[in-house]
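Visitor: Any chance you can model this:
(one chain, ligands or ions: 2)
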Amino acid sequence: MSEPEPEPGSEPARPFSIRRDGDDNAAGDGARAPDASGSDAETVPDRLPDDALVDVRSEQEAVHTQEVLDRLDRELVGLVPVKSRIREIGDLLLVDRLRERFGIESSRPTLHMSFTGSPGTGKTTVALRMAELLHRLGYLAKGHMVSVTRDDLVGQYIGHTAPKTKEVLKRAMGGVLFVDEAYYLYRQENERDYGQETIEILLQVMENQREDLVVILAGYKDRMDEFFQSNPGMSSRIAHHIHFPDYTRDELVQVAGLMLAQQHYELSSEAETAFEDYLERRMRQPRFANARSVRNALERARLRQAARIVAEARTDLGKADLMQIEAADILRSRVFDDDSATCTGEPPQETIDEGA
Ligand SMILES: Nc1ncnc2c1ncn2[C@@H]1O[C@H](COP(=O)(O)OP(=O)(O)OP(=O)(O)O)[C@@H](O)[C@H]1O
Ligand SMILES: [Mg+2]
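Guide: Ligands and ions are numbered 1, 2, ... in the order given. I've put the predicted structure just below:
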């Protein structure tokens with residue numbers, strides 16, 4: 001189980017001085033609206049008069065959401081439909097805040113989501129950004145993310161599951177609970193599976209405490225579809241079903257470019273061609289995991305570059321040489337040993353090693 005923290009310095013400016021119930025200091029202290037009915041509207045102290053006018057852009061700037069969205073655009077390749085859904089959610093919440101300033105009543109929108117897609121398509125990464133965005137918009141008090149799988153929620157014996165699930169929920173309050181491979185919570189063949197208990201607790205919290213917690217269920221698309229079919233209650237509580245498509249080869253090349261630039265490496269032009277060839281092959285092999293496979297491939301290229309530099313033992317090594325990945329650093333990958341892989345029916349060793 002991992003609990004990525006929001007990035008340092010991401011504490012949002014308190015956008016408007018709208019008061020949600022009991023909120024008399026900065027965000028992050030569990031401030032929230034008392035219920036979903038918007039009944040605290042009258043107690044908002046600096047409610048705008050009905051004839052007031054607000055400037056949308058400057059309100060948007062005040063919450064710094066544009067920053068998060070721009071960073072999402074810059075740092076994540078492709079994912080156009082995902083990015084536009086996130087923008088829509090950002091717009092919805094901004095307008096919600098503006099309405100609240102005028103004292104227009106409405107319940108807070110439901111924001112539980114499902115993220116479907118193959119491994120390495122950016123689901124976890126985007127969920128983290130989502131947590132940050134929702135925090136900036138004042139929807140989530142803390143904006144951290146607690147990432148779990150079945151084993152973190154479901155117990156082994158009677159009476160074990162509820163406390164386990166509740167403990168996780170407690171840690172996630174004020175942030176995002178990210179349930180990876182959520183379908184493992186439900187075992188069709190076993191009605192008395194303890195996972196059912198977790199599902200029931202989640203359903204309740206998703207309904208009654210949506211002010212405090214956003215649940216994101218993630219996993220493969222077909223298995224999630226089945227899960228929702230078997231659990232209509234869960235499906236009906238999910239407001240946004242967001243699908244993360246597989247990356248194209250060109251997108252993966254761009255992902256590599258971004259990752260290399262962050263680490264101050266670059267591919268020579270021959271290495272770039274070799275890497276495209278590498279991807280063509282790797283994408284057809286088992287356990288291909290999109291951007292994660294790119295990350296792993298680059299890590300290994302980095303190892304080979306280092307081994308090559310040390311073996312060459314040049315006396316005139318320069319800064320540029322230390323930054324450059326050469327074609328040889330890519331071509332020594334076992335992905336190019338097609339023959340051995342096809343003969344044994346096994347994927348090359350490095351694809352097996354390719355963990356998270
Ligand atoms: N669009 C992208 N642009 C740049 N890097 C990306 C992109 N998508 C994913 N990555 C990188 O790829 C790696 C894997 O992404 P992430 O863990 O978010 O995928 P995931 O969908 O959660 O995978 P899994 O289903 O296996 O958990 C991370 O290092 C992430 O930074
Ligand atoms: Mg993930």
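Visitor: hey, let's count contacts and neighbours off CA atoms from now on
Guide: OK.
Visitor: Can you show me the strands along the stretch 251-356 of the chain?
Guide: Remark: strands assigned in the stretch 251-356 of the chain by DSSP state E, counting those that start in this stretch are 266-267, 324-325.
Visitor: would you turn those into a markdown table with mean neighbour count, distance to residue 60 and mean pLDDT?
Guide: Output for those, formatted as a markdown table (neighbours: other Cα atoms under 10 Å; distance: least, Cα to Cα, whole Å; pLDDT from 0 to 100):
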| stretch | mean neighbour count | distance to residue 60 | mean pLDDT |
| --- | --- | --- | --- |
| strand 266-267 | 22 | 37 | 96 |
| strand 324-325 | 22 | 41 | 98 |
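Visitor: With distance to ligand 1 as added columns, please give these in a markdown table.
Guide: Formatted as a markdown table, the strands of the stretch 251-356 of the chain follow (distance: least, Cα to the nearest ligand atom, whole Å):
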| stretch | distance to ligand 1 |
| --- | --- |
| strand 266-267 | 16 |
| strand 324-325 | 19 |
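Visitor: Report the outermost residue of the protein with respect to its centre.
Guide: Most distant residue from the mean C-alpha position of the chain: residue 315, 45.3 Å away (Cα atoms, centre = their mean).
Visitor: Please tell me how far that one sits from residue 268.
Guide: Distance, residue 315 to residue 268, by Cα to Cα, to the nearest Å: 21 Å.
Visitor: Could you do residue 47 as well?
Guide: From residue 47 across to residue 268, the span is 59 Å (Cα to Cα).
Visitor: what about the two, which has more around it?
Guide: The neighbour count for residue 47 versus residue 268, taken as other Cα atoms under 10 Å, is higher for residue 47 (19 against 14).
Visitor: Is the more buried one in contact with residue 99, as I believe?
Guide: No. With contact defined as Cα atoms under 8 Å, residue 47 does not reach residue 99; the gap is 10.0 Å.
Visitor: ok, now which ones touch the residue nearest to residue 257 when sequence neighbours are not counted?
Guide: Spatial nearest neighbour of residue 257, excluding adjacent residues (Cα to Cα, 6 or more residues apart in numbering): residue 266 at 7.6 Å. For residue 266, the contacting residues are 257, 260, 323-325, by Cα atoms under 8 Å, 6 or more residues apart in numbering.
Visitor: Kindly indicate which of these lies nearest residue 159.
Guide: Using Cα to Cα, residue 260 comes nearest to residue 159 of these, at 48.8 Å.
Visitor: Flag every residue of the stretch 51-200 of the chain that's near ligand 1.
Guide: Counting by Cα under 6 Å from any ligand atom, the positions of the stretch 51-200 of the chain adjacent to ligand 1 are 75-78, 118-125.
Visitor: of those, closest to residue 57?
Guide: residue 75 (23.2 Å).
Visitor: which residue sits closest to that closest one in space, ignoring its chain neighbours?
Guide: Nearest to residue 75 is residue 258, by Cα to Cα, 6+ apart, at 7.4 Å.
Visitor: Just give the number of residues close to the one you found.
Guide: Neighbour count of residue 258, defined by other Cα under 10 Å: 18.
Visitor: again, but for residue 331
Guide: Number of residues near residue 331 (other Cα under 10 Å) recorded here: 18.
Visitor: how near is it to residue 269?
Guide: Distance, residue 331 to residue 269, by Cα to Cα: 13 Å.
Visitor: Verify the stated contact: residue 77 with residue 254.
Guide: Yes. Counting by Cα under 8 Å, residue 77 touches residue 254, with 6.7 Å between them.
Visitor: who has more neighbours, those two?
Guide: Set side by side, residue 77 and residue 254 show more neighbours around residue 77, with 20 against 16, by other Cα under 10 Å.
Visitor: List the residues that contact the more buried one.
Guide: By Cα under 8 Å, 6+ apart, the contact set of residue 77 is 251, 254-255.
Visitor: if you set the cut-off to 10 Å instead, what comes out?
Guide: By Cα atoms under 10 Å, 6 or more residues apart in numbering, the residues touching residue 77 are 122, 247, 250-258, 291.
Visitor: Restricted to helices, list those residues.
Guide: By the criterion of DSSP state H, membership of those in helices covers 250-258, 291.
Visitor: Write the ChimeraX selection for whichever of those residues are buried.
Guide: To isolate the buried ones among the ones in helices among the contacts of residue 77 in ChimeraX, judged by 16 or more other Cα atoms under 10 Å, type:
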select :251,252,253,254,255,256,257,258,291
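Visitor: Let me see the confidence value for residue 165.
Guide: On pLDDT, residue 165 comes in at 97.
Visitor: wait, it sits on residue 197?
Guide: Yes. Using Cα atoms under 10 Å, residue 165 is in contact with residue 197, at 8.9 Å.
Visitor: Overlap of the contact sets of those two?
Guide: 153-155.
Visitor: of all these, which comes closest to residue 215?
Guide: Residue 215 lies nearest to residue 153 out of the shared contacts of residue 165 and residue 197, by Cα to Cα, at 13.6 Å.
Visitor: For ligand 1, see how far away the residue lying closest to that closest one once chain neighbours are set aside is.
Guide: With sequence-adjacent residues excluded and distances taken as Cα to Cα, 6+ apart, residue 153 is closest to residue 165, at 4.6 Å. Separation of residue 165 from ligand 1 (Cα to the nearest ligand atom, to the nearest Å): 21 Å.
Visitor: so who does residue 165 touch?
Guide: Listed by Cα under 10 Å, 6+ apart, the contact partners of residue 165 are 150-155, 195, 197-199, 201-202.
Visitor: again, but for residue 170
Guide: By Cα under 10 Å, 6+ apart, the neighbours of residue 170 are residue 213.
Visitor: Next, the residue nearest the centre of the chain: secondary structure please.
Guide: Among the residues of the chain, the one closest to the centroid is residue 127, at 2.5 Å (Cα atoms, centre = their mean). Look at residue 127: counting by DSSP: H, G, I helix; E, B strand; the rest coil, its state is helix.
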